[in-house]
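Asker: Can you look at this prediction? I've put the sequence above it.
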Amino acid sequence: MTQVQLKQIAKSYSGTIALSECDLSIQSGELVALLGPSGCGKTTTLRMIAGLETPTSGQILFDGKEVSDVAVQSRNVGLVFQRYALFPHMTVEKNIAFGLKVRGQTAAQITEAVDEMLDVVQLRAFRDRFPAQLSGGQMQRVAIARTLITEPDVLMMDEPLANLDTKLRGEMRRFIRQLQRRLGITTIFVTHDQVEAMELADRVAVMADGKILQFDPPDILYQRPNTPAVAEFMGATNLFAATLKRDGLAESALGTLHYDPAAAAIEGQGHILLRAEAFDLHLTPPVDSENTFTAKILTREYFGAATRYTLLCNDVQLTVQEHSRRRIDEGTLAYLTIKPEHIWVLQQS
């Protein structure tokens, strides 16, 4: 297991900044996701850690030892890409064995290692098949096995599930997470998919415009984003500018809200975040609730386990989601409540 550190890493191409003096510390055995839209710098970061790109400035360290100028073949890293890049004329067994064969291991050593790896990725029954005879998920498992069999210190994956359908992506996320926990290998996973990052990672680095905006566990990113940009990227729907007061009052277009000042002692201009699932939706006026608003249901969307409503409240549209068997008709007058501890306030960015 290897600790990976980036210290003031920057990368420019012909004067264009791709990455701007980023710091990142990844613990041994941790799975970290680099999350952000196209062009944010996440793949550039991955390629510099791997040794495929050279930083313009800054340091990359493995277990405290600088590797910024060390060639990719000397870093002992494993790379899994979006394209499986399997050899079509080789069987599953020979594809997996390729890296060990290149390294000059004996036939006996290769056979033993391949047998073990086929069990790890649950493909023993497919060892004699060719890539064209496999599903997308099976091909990705072969690609992962081919990388893992060389025993890399750090495993890096660049959008490895992008070519899979929704159901298979879910299955592969669970497979990768279980495999990573079993092996305990330090893993860096690049994705633009928030759900993928939330489900897979121990911590997530949200990136935009060549910068790391926030680096935290998924629950902290979701519940307590540190900027409106992070909140929006993590799927926030009810995000409003507000005037914040230290006594726990927030004045916004929605009205006056009471929040928990102990959670965030901020004063001045900022934002309030009201998660869609944090609201309680009532059909009769609630009693003794600090934050109560009258609203009209504009739309209703059914998602099986949940129903999402769009409501108009004080000329502001709100999104509310509830897990309930009831279906409230559009046009219904309703009442919304939200507890002070469920309101997150953000400093003006």
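Answerer: Ah, there it is. Numbers count the residues shown, from 1 in each chain.

Asker: Pull the number of nearby residues for residue 285.
Answerer: Using other Cβ atoms under 10 Å, residue 285 has 9 neighbouring residues. C-betas here are computed from N, CA, C, even on glycine.

Asker: need the contact list for it.
Answerer: 292, 335 (Cβ atoms under 8 Å, 6 or more residues apart in numbering).

Asker: Figure out the helix or strand that it lives in.
Answerer: Per DSSP states H and E, residue 285 falls between elements, in no helix or strand.

Asker: so what's the backbone phi/psi at it?
Answerer: The phi/psi pair for residue 285 (degrees, to the nearest 10) reads phi -60, psi 130.

Asker: what about the helices in this protein?
Answerer: For the chain, the helices defined by DSSP state H occupy 42-50, 92-102, 107-120, 136-148, 166-183, 194-200, 218-223, 228-233.

Asker: now the angle from the second one to helix 107-120?
Answerer: Spelled out, that is helix 92-102. Interaxial angle of helix 92-102 relative to helix 107-120 (axes from the mean of the first three to the mean of the last three Cα atoms, to 10 degrees): 130 degrees.

Asker: which helices and strands sit right next to helix 92-102?
Answerer: In terms of contacts (3 or more Cβ pairs under 8 Å, 6 or more residues apart in numbering; DSSP states H and E), helix 92-102 is packed against helix 107-120, helix 136-148.

Asker: how far is that helix from where the chain is centred?
Answerer: 31 Å (Cα atoms, centre = their mean, to the nearest Å).

Asker: cool, the fourth one as well?
Answerer: From the chain centre to the centre of helix 136-148 is a distance of 21 Å (Cα atoms, centre = their mean).

Asker: Now it: buried residues?
Answerer: Neighbour-count burial for helix 136-148 flags 137, 138, 139, 140, 141, 142, 143, 144, 145, 146, 147, 148 (criterion: 16 or more other Cβ atoms under 10 Å).

Asker: Show residues contacting that helix.
Answerer: Counting by Cβ under 8 Å, 6+ apart, 78-81, 84-86, 92, 95-96, 98-99, 117-118, 120-123, 126, 131, 134, 155, 160-161, 163-165, 168, 171-172, 175-176, 179, 183, 185 sit against helix 136-148.

Asker: Drop anything exposed from the residues you listed.
Answerer: For the contacts of helix 136-148, buried by 16+ other Cβ under 10 Å: 78-81, 84, 86, 92, 95-96, 98-99, 117-118, 120-121, 123, 126, 131, 134, 155, 160-161, 164, 168, 172, 175-176, 179, 185.

Asker: Now render the helices and strands packed on helix 92-102 as CSV, adding mean pLDDT.
Answerer: As requested, the helices and strands packed on helix 92-102 are exported to CSV (pLDDT from 0 to 100):
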stretch, mean pLDDT
helix 107-120, 91
helix 136-148, 90
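
Asker: In TSV: these, plus distance to residue 304.
Answerer: Formatted as TSV, the helices and strands packed on helix 92-102 follow (distance: least, Cβ to Cβ, whole Å):
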stretch	distance to residue 304
helix 107-120	34
helix 136-148	24
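
Asker: re earlier: nearest to residue 328, of the helices of the chain?
Answerer: helix 218-223 (25.9 Å; Cβ to Cβ).

Asker: Would you mind giving the helices of the chain as CSV with distance to residue 26 added?
Answerer: Listed next are the helices of the chain as CSV, based on distance: least, Cβ to Cβ, whole Å:
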stretch, distance to residue 26
helix 42-50, 9
helix 92-102, 24
helix 107-120, 23
helix 136-148, 18
helix 166-183, 13
helix 194-200, 14
helix 218-223, 15
helix 228-233, 19
